[in-house]
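1. Requesting a structural model of the entry that follows:
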Amino acid sequence: MKRIAPLALLLACSLAQASTADSFKQVLQETAASPTRTVTFFHGLSELEEGVVSGAALQDALREGGVPAGGLLGAFLDGLERVEKSGSRVILQRAEEVTVDTGSGFVKLGKRVEITVEGASATHARLVDLEGARAGKSSGATFPIRTLGLSVDANKVTTAKLDVGYALFSKTVEIVLAKTPKPATHGLTSALAGSD
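-> Reported below is the predicted structural model:
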C-alpha cells in the first residue's frame, strides 16, 4: 500500500504535465493560424490549463505548434525551457536573456518572465504585474514594463500600449506593430492560390 501512493502521485503529475503540454500546443496552433498572433497568444495563455510543461514535452509543443520564428512573439517563444501556469499567473523560463529590436525600440526578456493576463479576448489583451520584461528606445537604456495592453483594429493591425518605468517615474508608450501576415494555408486552397 505504501508503494502505491508514490506511484499514483507520479502518474498524476505525469498526466497533469501532458494535459498542460497539450493545452500549450493548442494555444500555439491557434496562434499560428490567427491573423492577430500576438493577441491570440496572450488570450490563449489566459486560458492555458494550470500546471507545468518543460523538457521534451515543451519542445514538442513548440515544434508542433507552428508559430513562425522572428519578431517579438518568436523571440518570446525562442529558447523557452519551462512554462508554468498557476491561477492567472504565467511564468516563462529560458536559458538566456533575449533583446528584440521592434523597429521603434527594444524589448528585453529576462531568463524568467512572469505575467498576469487580464481581460483577454480575440481583439485585446492586458498584461499586468510583469516581471523580467523591460523596454526602451535603446538596448542599453531599458525600463521595467509595468503593464502591456494589446488591441487589434478592424484592419487587423495590433497596437501595443506599454506603461514602462518605476513607481515615481513612468511613461506610456504606444507602438503600432506590423500587420500580421495571413496564416499559411495548405492543400487545395494554396494550390488554387498558386502558393505552397
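
2. Do a quick rundown of the helices in this protein.
-> Along the chain, the segments classed as helices by DSSP state H run 4-33, 37-47, 55-65, 71-77, 188-193.

3. tell me the mean pLDDT over the first one?
-> Averaged over helix 4-33, pLDDT sits at 67.

4. next one: the third one
-> Across helix 55-65, the average pLDDT comes to 92.

5. Outside of it itself, list whatever touches it.
-> Residues outside helix 55-65 that contact it (C-beta atoms under 8 Å, 6 or more residues apart in numbering): 17-18, 21-22, 24-25, 27-29, 31-32, 53, 77, 80-83. Glycine gets a C-beta too; all of them are placed from N, C-alpha and C.

6. Make a ChimeraX selection of the buried ones in those.
-> Selection command for ChimeraX covering only the buried members of the contacts of helix 55-65, criterion 16 or more other C-beta atoms under 10 Å:
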select :17,21,24,25,27,28,29,31,32,53,77,80,83
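
7. and the longest strand for the chain?
-> As assigned by DSSP state E, the longest strand anywhere in the chain is strand 124-138.

8. Low-confidence stretches in this protein?
-> 1-18, 167-168, 175, 177-196 (pLDDT under 70).

9. 80 - rerun?
-> Scanning the chain for pLDDT under 80 picks out 1-18, 70-72, 102-105, 119-120, 138-140, 166-196.

10. What is the neighbour count of residue 159?
-> Neighbourhood size, residue 159 [other C-beta atoms under 10 Å]: 14.

11. I'd guessed it sits against residue 125; true?
-> No. At 11.7 Å, residue 159 does not count as touching residue 125 under the criterion of C-beta atoms under 8 Å.

12. Which neighbours do these two have in common?
-> Counting by C-beta under 8 Å, 6+ apart, the shared contacts of residue 159 and residue 125 are residue 150.

13. if we can go back for a sec, put the alpha carbons of the longest strand of the chain into CSV.
-> The C-alpha trace of strand 124-138 is given here as CSV (Å, rounded to 0.1, in the frame of the first residue of the first chain):
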residue,chain,number,x,y,z
HIS,A,124,-7.4,42.7,-26.9
ALA,A,125,-5.3,41.5,-24.0
ARG,A,126,-3.9,43.3,-21.0
LEU,A,127,-0.8,42.0,-19.2
VAL,A,128,-0.2,43.3,-15.7
ASP,A,129,2.3,42.6,-12.9
LEU,A,130,5.1,41.9,-15.4
GLU,A,131,8.4,40.8,-14.1
GLY,A,132,11.5,40.2,-16.2
ALA,A,133,10.5,42.3,-19.2
ARG,A,134,11.9,45.7,-20.0
ALA,A,135,11.6,48.2,-22.9
GLY,A,136,13.3,51.3,-24.1
LYS,A,137,14.4,53.4,-27.1
SER,A,138,17.9,51.9,-26.9
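
14. quick one, it and helix 37-47 angle?
-> 120 degrees (axes from the mean of the first three to the mean of the last three C-alpha atoms, to 10 degrees).
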